[in-house]
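Trainee: Pasting the sequence and the predicted coordinates here, then a few questions.
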Amino acid sequence: MTDKSQQPGPVAREWARLRADFWDMGMLSWIPVLLCGMLWLIFSAGIARDLPIAVIDKDGSSLSRQLIRWLDASPGIQVQAHIASNEQALQLLRERKVFGYLVIPDDFERQLLGGRQATVQWLYNAQFSSHAGALSRDVRTVTTTLSAGIEMTARAKQGVSTIQAAAQFEPIRTQLNSLYNENISYEAFLTLALMPSMLQIFIVVAVVTTIGRELRDGTVPLWLASAKGSWLRAVAAKLVFPLIAYCALALLYLLFFSLVRDWAVAGSLAGLLLSMLLLVLAYCGLALLLIAATLSLRLSLSGAAFITAPAFAFAGQAFPLMAMPPLARAWAEALPLTHYLQLQTGYWLAGAPIHYGWQQMLILAAFAIVCGALGLLLLVRRANTPAAWGRT
C-alpha cells in the first residue's frame, strides 16, 4: 500500500511527466524557439530587394535606356528581361518570373525633348500586394526623378535658375516623413507581430494537452491526490511550467530584437513586460476554459486551432481593424492577441508611456481572470466523475 505522504506533490509530478516526455518538453522549449527562428529568418532581410520586372522598350533611345538603367539601379528592382511584346510579358507574369513590366512608347524621347508629355505604362501582378506595392513605389520614384531632371534641364536652358526651376516645377511640395518604422522594414512590421502570434498557439496547445491527457487517460484521481484533493493546486501545477516557459520565451524574443537586431524599446519597457505576462496569462486562462468546456482533448485542440491559428489575420496588423465589417471586428476584439499587439506596437516602436495601454491591459487581465475562473469552476463541477474520463 502506497504511503500518501510520500507521493510527489502536483508540481513535482508535472515536472517528472515533462522530463519523461521529449515532445511535451520540446513544446515548452526548443520547438517554439526553432520555429520562431525560422520565422525571423524569412523576414530578416527587412526590405524586399531586387524584385524582377520586365521592360518593353519600343523607343530604344538614349533616354529610354537611361530610364531602364535607373530602374535596374533602384534597390528594390531588378530588370530581369528585355522583351518585345505584351504576350511575352504576360507569359513571364504567369510563370512568376517577373511581377510587373514597363512599356516605354516608341516616341518617348521625341515627346520629352519636344516639351510634351510621354506616358510609360506600368503593369503589375496585383495578386501579390507586397510585391506590387514595393515595385510600384520604386517605379514611381524613378520615373518622377527622371521627369523632374528633364524638366529642370529644359528650364535651365531657358535661363531659369535651378532654385526657380524647382519652385516652378513643384510649387506645392509634400515632405514625407516615416514614423516608428523609418525604413519600412518587414522585420519590424511583420516579425515583431508574428512572434507573439505563434507564441499564443503554443500556450493554448500546451495547456490544453497537459490537462486533456489527464482526462483522456483517466488519471484525474491520481492528479488530484497529488494535490491533496485541491483542484486549485492541481490546475496551478499544470499551469506553472507553461507560464514560466512562455514568459521566458517572450523575454528571449524581446532581448533578441532589442539587443541583437537593434529594435530597442522606444517606450515603456515595464509596460511591454507587463503586457507580455498578461498575454501568457490570458491564453492560459483561455486554454483552461477550452478543455473544461469540452472535457475532450481532441475537441479542445480543434477549438484551439480555430481560435489561435487565424488570430493574426484579425489582429489589425495586416488589415486595419477599423475597416473590418462589424462581425469580423467583434471577433477580433474577442481575441487577446488583438489587444496585446496594440500594446506592443505602442510600447516597442511608437515610444508610448506606460499609461497609454491601461485599457488594453485590463482587457487582457479580464481574459485571464474570467476565462481561468470559469475553466476552474467547470473542471470542479464536471471533471471529477468517471463519466468525464476516457474521451479522445
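Mentor: Happy to help now that I have it. Residues are numbered from 1 along each chain as shown.
Trainee: residue ranges for the helices of the stretch 1-150 of the chain, please.
Mentor: 10-20, 22-27, 30-43, 62-73, 86-94, 108-113, 129-157 (DSSP state H, counting those that start in this stretch).
Trainee: List the contacts of the third one.
Mentor: By that I understand helix 30-43. Applying Cβ atoms under 8 Å, 6 or more residues apart in numbering, the set of residues contacting helix 30-43 from outside is 23, 186-187, 190-191, 194-195, 198-199, 202, 246, 249, 252-253, 256. C-beta coordinates here come from the backbone N, C-alpha and C atoms, glycine included.
Trainee: And for the fifth one?
Mentor: Helix 86-94 is touched from outside by Ala54, Ile56, Gln80, Ala81, Ile83, Val98, Phe99, Gly100, Tyr101, Val103, Leu123, Asn125, with contacts defined as Cβ under 8 Å, 6+ apart.
Trainee: again, 6 Å this time
Mentor: Defining contact as Cβ atoms under 6 Å, 6 or more residues apart in numbering, one finds that helix 86-94 is touched by Ala54, Ile83, Val98, Tyr101, Asn125.
Trainee: now swap in the second one and tell me
Mentor: Contacts of helix 22-27 with the rest of the structure, by Cβ under 6 Å, 6+ apart, involve Leu18, Ala206.
Trainee: Alpha carbons of that helix, as CSV, please.
Mentor: Extracted in CSV, the C-alpha atoms of helix 22-27 (Å, rounded to 0.1, in the frame of the first residue of the first chain):
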residue,chain,number,x,y,z
PHE,A,22,10.6,14.5,-25.1
TRP,A,23,7.9,16.3,-27.2
ASP,A,24,6.0,17.8,-24.3
MET,A,25,9.2,19.3,-23.0
GLY,A,26,10.1,20.4,-26.5
MET,A,27,6.7,22.3,-26.7
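Trainee: Narrow the contacts of helix 30-43 to those in helices?
Mentor: Applying DSSP state H to the contacts of helix 30-43, the entries found in helices are Trp23, Tyr186, Leu194, Met195, Met198, Leu199, Phe202, Tyr246, Leu249, Leu252, Tyr253.
Trainee: which two in the contacts of helix 86-94 are spaced the farthest apart?
Mentor: Ile83 and Asn125 (15.3 Å; Cβ to Cβ).
Trainee: Show me what secondary structure element comes after the lowest-mean-pLDDT helix or strand in the chain.
Mentor: One helix or strand of the chain scores below all others by mean pLDDT, DSSP states H and E: helix 162-169, with a mean of 55. Using DSSP states H and E, the next helix or strand after helix 162-169 towards the C-terminus is helix 186.
Trainee: Report the mean per-residue pLDDT for that following helix.
Mentor: Per-residue pLDDT over helix 186 has a mean of 77.
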